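Trainee: take this sequence and fold it.
(one chain, ligands or ions: 1)
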Amino acid sequence: MIALGVVGCGDVAFRTYLPGLSALAGRAVIAACFDPVPERATRFADAVAAQQDAACAPYTDLAPLLAHPGLDGVLNLTPAPFHAETTTAILDAGLNCFSEKPIAGSLDDARRLTALARERGLLFLCAPATMATNRFQWLKRELDNGLLGRPTLMIGQMANMGPAAWRDYKGDPAVFYTDRVGPVLDIGVYLLHAVTGLLGPATFVSAVGGIVIPERIATIPTRFGERIAVTGNDHMLLHLEWEGPTYAQILASFATPATRTPVLEIHGERGTICIPDIPTWYDLDAPVDLLLLDRGPVAHEAWRPAAPPERSPVRQPIQAGPLHFVEVLEGVAEPILTAEHATHVLEIIRAAERSAAAHGEPVALA
Ligand SMILES: NC(=O)c1ccc[n+]([C@@H]2O[C@H](COP(=O)([O-])OP(=O)(O)OC[C@H]3O[C@@H](n4cnc5c(N)ncnc54)[C@H](O)[C@@H]3O)[C@@H](O)[C@H]2O)c1
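Mentor: Okay, here's the model as predicted:
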């Protein structure tokens with residue numbers, strides 16, 4: 001049985017990781033958790049213990065959590081600006097780590113953490129778990145087997161008004177509108193992992209973006225009416241290139257009231273796959289839309305549903321992360337959500353910010 005610790009008992013811990021525990025039943029338990037807010041640590045420990053066949057010890061300091069006897073690994077679910085220092089402490093304690101996204105705030109930190117994990121012989125995996133889902137493992141197999149011919153273009157968007165308007169959000173929305181988080185790091189990152197997971201490392205990025213709505217008035221119940229200054233770009237439009245050539249275009253926005261544009265379209269020489277909307281994105285067993293060109297004289301071209309052969313063991317994509325972490329720790333899966341991949345995506349994000357500051361000047365990626 002794998003014993004895990006959780007650091008940061010906030011919105012995602014309760015909303016997503018807790019219900020995701022059922023997929024780990026009989027394989028892993030959360031043996032301990034830590035949050036600086038004592039009520040959250042206790043409430044999370046109680047909720048975990050009620051759901052698994054083992055106790056969960058709550059801590060309000062990091063050091064005793066990391067010294068909790070028998071831990072195999074720790075899930076770092078702190079807000080983005082705390083990821084690097086928290087992951088450093090986890091690895092320094094000799095524990096394997098799964099970090100929520102992003103891997104770190106800077107490339108230097110991402111590379112330092114990757115090297116630290118390697119030196120210590122520890123597993124260090126990072127969200128988002130997009131590429132570990134049944135859907136994206138299937139899409140990768142199908143693309144590699146030539147279902148669409150050579151991929152030529154991917155177009156994606158994750159666009160909403162951000163957490164200040166996400167009525168159900170329980171965390172602090174303000175940090176998301178600063179340049180320490182922003183829409184690319186928070187939601188565009190899912191699509192960046194998808195396109196680079198399917199196509200490999202990109203070679204160039206260019207971007208435009210800026211602050212289009214400089215102040216928000218929160219509509220979430222916990223902060224209703226609070227004014228939030230927007231100090232980081234709330235619209236970002238990225239263009240990416242691969243050898244081939246293959247291209248991708250991604251919109252990440254916290255300033256889009258609503259959209260009917262698909263979340264992701266994958267175009268190849270002979271067909272297109274479309275993930276049409278956010279509910280389909282989250283439902284890993286929902287079919288996606290597929291159209292293959294008909295090269296015969298009678299055109300039998302029509303959209304049809306297509307789905308992975310295997311059902312998802314988890315209810316939504318984020319829950320594929322801790323399950324993958326446990327499977328790699330058990331030795332039954334090879335790492336997919338590698339720190340190296342997360343570092344490449346962070347490199348794209350930082351390069352896109354530089355490009356946007358220079359009105360779209362292309363930046364070469366290492
Ligand atoms: N909320 C979501 O639905 C969601 C979805 C996907 C990914 N994530 C990621 O999960 C992470 C957490 O997001 P959230 O929405 O749960 O935030 P949150 O603010 O609701 O929760 C974070 C928790 O961490 C605690 N915390 C703060 N500083 C800490 C520190 N130094 N050490 C330990 N704990 C600390 C806070 O007290 C809080 O309880 C972020 O990286 C975010 O990108 C969140």
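
Trainee: ok, residues contacting the host helix or strand of Leu153?
Mentor: Assigned by DSSP states H and E, Leu153 falls within strand 151-159. Strand 151-159 is contacted from outside by 143, 183, 187-188, 190-191, 194-195, 198-199, 244-253, 256, 259, 261-269, using Cβ atoms under 8 Å, 6 or more residues apart in numbering. (C-beta placed from N, C-alpha, C; glycine too.)

Trainee: same deal with stretch 311-327?
Mentor: By Cβ under 8 Å, 6+ apart, stretch 311-327 touches 2, 4, 12, 16-17, 19-20, 23-24, 27-28, 73, 75, 96, 98, 100, 123, 125, 127-130, 132-135, 190, 281-285, 333, 336-337.

Trainee: just say helix, strand or coil for Tyr247.
Mentor: The three-state assignment at Tyr247 reads strand, by DSSP: H, G, I helix; E, B strand; the rest coil.

Trainee: tell me, how many residues neighbour it?
Mentor: By other Cβ atoms under 10 Å, 19 other residues sit near Tyr247.

Trainee: tell me where the chain has helices.
Mentor: Secondary structure of the chain (DSSP state H): helices at 11-12, 18-20, 38-51, 62-66, 83-92, 107-120, 134-144, 182-183, 189-199, 278-282, 320-330, 339-357.

Trainee: pipe those helices into JSON lines and attach mean pLDDT and distance to Arg227 per row.
Mentor: Output for the helices of the chain, formatted as JSON lines (pLDDT from 0 to 100; distance: least, Cβ to Cβ, whole Å):
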{"stretch": "helix 11-12", "mean pLDDT": "94", "distance to Arg227": "21"}
{"stretch": "helix 18-20", "mean pLDDT": "95", "distance to Arg227": "32"}
{"stretch": "helix 38-51", "mean pLDDT": "97", "distance to Arg227": "25"}
{"stretch": "helix 62-66", "mean pLDDT": "98", "distance to Arg227": "32"}
{"stretch": "helix 83-92", "mean pLDDT": "98", "distance to Arg227": "27"}
{"stretch": "helix 107-120", "mean pLDDT": "97", "distance to Arg227": "31"}
{"stretch": "helix 134-144", "mean pLDDT": "97", "distance to Arg227": "39"}
{"stretch": "helix 182-183", "mean pLDDT": "96", "distance to Arg227": "18"}
{"stretch": "helix 189-199", "mean pLDDT": "98", "distance to Arg227": "27"}
{"stretch": "helix 278-282", "mean pLDDT": "96", "distance to Arg227": "27"}
{"stretch": "helix 320-330", "mean pLDDT": "98", "distance to Arg227": "34"}
{"stretch": "helix 339-357", "mean pLDDT": "97", "distance to Arg227": "25"}
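
Trainee: so which of those helices is nearest the ligand?
Mentor: helix 11-12 (3.4 Å; Cβ to the nearest ligand atom).

Trainee: so what touches that closest one?
Mentor: Contacts for helix 11-12 (Cβ under 8 Å, 6+ apart): 77, 100, 169-171, 318.

Trainee: that helix close to the ligand?
Mentor: Yes. Judged by Cβ under 6 Å from any ligand atom, helix 11-12 comes into contact with the ligand through 11-12.

Trainee: which residues of this protein lie near the ligand?
Mentor: Counting by Cβ under 6 Å from any ligand atom, the chain comes close to the ligand at 7-13, 15-16, 35-37, 40, 77-80, 82, 86, 100-101, 170-172, 186, 318.

Trainee: try 8 Å
Mentor: For the chain, the contact set with the ligand under Cβ under 8 Å from any ligand atom comprises 7-16, 34-37, 40, 62, 77-80, 82-83, 85-86, 99-102, 127-128, 163, 169-172, 175, 181, 185-186, 318.

Trainee: what separates Ala306 from Gly271, distance-wise?
Mentor: Distance of Ala306 to Gly271, given as Cβ to Cβ, to the nearest Å: 10 Å.

Trainee: overlap in contacts of these two?
Mentor: Joint contacts of Ala306 and Gly271 (Cβ under 8 Å, 6+ apart) are Leu290.

Trainee: looking at the stretch 201-350 of the chain, which residue is nearest the ligand?
Mentor: Residue of the stretch 201-350 of the chain nearest the ligand, by Cβ to the nearest ligand atom: Ile318 (5.3 Å).

Trainee: number of nearby residues for that residue?
Mentor: Around Ile318 there are 22 residues (other Cβ under 10 Å).

Trainee: and the pLDDT at it?
Mentor: Listed pLDDT for Ile318 reads 97.

Trainee: buried only: go through the contacts of stretch 311-327 for me.
Mentor: Buried members of the contacts of stretch 311-327, scored by 16 or more other Cβ atoms under 10 Å, are 2, 4, 12, 16-17, 20, 23-24, 28, 73, 75, 96, 98, 100, 123, 125, 127-130, 132-135, 190, 281, 284, 336-337.

Trainee: excluding chain neighbours, what is closest to the residue of the chain at minimum distance from the ligand?
Mentor: Using Cβ to the nearest ligand atom, the single residue of the chain nearest to the ligand is Gly10, 1.7 Å away. Nearest residue to Gly10, sequence neighbours excluded (Cβ to Cβ, 6 or more residues apart in numbering): Gly171, at 5.0 Å.
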